[in-house]
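[1] quick check, what structure comes out for this input:
(one chain, ligands or ions: 1)
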Amino acid sequence: MDALELRDVRKSYGQREAVHGISLTVREGEIFGLIGHNGAGKTTTLRMISTLLGITSGTISVFGHDVATESEEVRKIISYLPEDAGAYKDMTGRAYLEFMASFFASGERKDEMVGRGMELADLGERIDSKVDTYSKGMMRRLLIARAIMPSPKLAIMDEVTSGLDVINAYEVRSVIRSIASSGVTVIMSSHNMFEVDMLCDRVGMIDQGNLILLGAPDDLKKEYGVDTLEEVFVKAVKG
Ligand code: ATP
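    Numbers count the residues shown, from 1 in each chain. Reported below is the predicted structural model:
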């Protein structure tokens with residue numbers, strides 16, 4: 001069974017259609033990257049998958065569950081990390097993870113979940129500092145830990161490395177790799193073609209609400225006779 005299947009998915013905001021019939025599948029255990037310009041429709045697509053935004057037409061299923069008719073089931077097996085996510089600034093990192101884990105579990109199961117979160121965040125003794133003293137990179141690691149500690153089957157991440165410096169972006173990518181190698185399927189959006197090239201097993205390129213390319217980075221580069229995904233994108237957009 002595919003982890004995720006989109007069939008002819010459309011989304012209109014009022015009269016304006018922002019997503020024009022996207023179809024794609026993501027296989028279990030894969031890291032799948034959605035790439036495209038500002039306003040291409042990446043966030044809209046990720047929010048529909050996350051059950052947060054209604055689909056105008058078409059279907060999306062997550063591990064066989066329809067997001068429109070079985071949204072409760074879908075919410076149990078996904079986690080969504082929005083680009084602008086934040087944490088409660090007055091809490092320590094540990095208190096934040098404990099608070100968030102209490103929505104999912106209690107007793108020993110909750111402690112296990114928090115332990116997993118602390119391992120993923122890897123903040124050392126700073127886990128006991130207040131969140132408002134964290135750097136952007138530390139904050140992002142805490143948020144990823146929060147998203148992954150309940151062990152979702154599908155992790156949905158929007159621009160997870162945006163605004164991070166080289167070292168922090170590198171570390172976040174390492175965390176994503178380790179999440180995927182533990183069996184979690186990941187769908188993420190990014191503007192950074194270099195990052196997607198290094199990290200993703202397959203990518204979907206979106207241009208103005210249309211999926212214009214789909215495939216493994218190396219296959220796409222071979223098909224277009226170029227060395228980078230960026231060149232593939234430019235060639236595909238310019239025709
Ligand atoms: P970015 O990389 O800048 O985050 P994106 O690829 O995630 O862009 P979306 O945020 O999905 O793009 O936006 C797709 C289109 O839908 C854009 O034209 C945007 O202006 C429009 N749009 C997004 N949200 C709304 C909304 N709530 N109401 C009206 N139009 C919207």
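[2] quick check: residue 36 touching residue 203?
    No. Checked against CB atoms under 8 Å, the pair residue 36 and residue 203 is beyond contact range at 10.1 Å. Just so you know, the C-beta spots here come from the backbone N, C-alpha and C atoms, and that holds for glycine as well.
[3] show me where this protein has helices.
    42-49, 71-77, 93-101, 107-121, 136-148, 166-181, 193-199, 217-224, 229-238 (DSSP state H).
[4] stretch 146-164 and the ligand, any residue contact?
    No. For stretch 146-164, no contact with the ligand is found by CB under 6 Å from any ligand atom; the gap never falls below 6.6 Å.
[5] chain center to that stretch, what's the gap?
    Average the C-alpha atoms of stretch 146-164, do the same for its chain, and the two points are 5 Å apart (CA atoms, centre = their mean, to the nearest Å).
[6] same thing with stretch 34-53?
    Its chain's average C-alpha position is 10 Å from that of stretch 34-53, according to CA atoms, centre = their mean.
[7] and what of stretch 171-189?
    9 Å.
[8] pull the CA atoms of it into CSV?
    Taking C-alpha atoms only, stretch 171-189 is exported to CSV below (Å, rounded to 0.1, in the frame of the first residue of the first chain):
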residue,chain,number,x,y,z
GLU,A,171,21.6,18.8,11.4
VAL,A,172,17.9,19.1,10.6
ARG,A,173,18.5,17.1,7.4
SER,A,174,20.3,14.5,9.4
VAL,A,175,17.3,14.2,11.8
ILE,A,176,15.0,13.8,8.8
ARG,A,177,17.2,11.0,7.4
SER,A,178,17.1,9.2,10.8
ILE,A,179,13.4,9.6,11.0
ALA,A,180,13.0,8.1,7.6
SER,A,181,15.4,5.2,8.3
SER,A,182,13.3,4.4,11.4
GLY,A,183,10.4,3.7,9.0
VAL,A,184,8.5,7.1,9.0
THR,A,185,7.4,8.3,5.6
VAL,A,186,8.2,12.0,5.0
ILE,A,187,6.7,14.5,2.7
MET,A,188,8.4,17.9,2.8
SER,A,189,8.4,21.1,0.9
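[9] which residues touch it?
    The set of residues that contact stretch 171-189 without belonging to it, under CB atoms under 8 Å, 6 or more residues apart in numbering, is 3-4, 26-36, 42-43, 46, 49, 120, 122, 137, 140-141, 144, 148, 151-161, 164, 195, 198-200.
[10] what sits against residue 36?
    Neighbour list for residue 36: 42, 189, 205-207 [criterion: CB under 8 Å, 6+ apart].
[11] could you dump those residues to a markdown table with neighbour count, pLDDT and distance to the ligand?
    As requested, the contacts of residue 36 are arranged in a markdown table below (neighbours: other CB atoms under 10 Å; pLDDT from 0 to 100; distance: CB to the nearest ligand atom, whole Å):
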| residue | neighbour count | pLDDT | distance to the ligand |
| --- | --- | --- | --- |
| 42 | 24 | 95 | 3 |
| 189 | 25 | 96 | 6 |
| 205 | 24 | 94 | 11 |
| 206 | 24 | 94 | 7 |
| 207 | 16 | 91 | 10 |
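[12] appreciated, that's everything.
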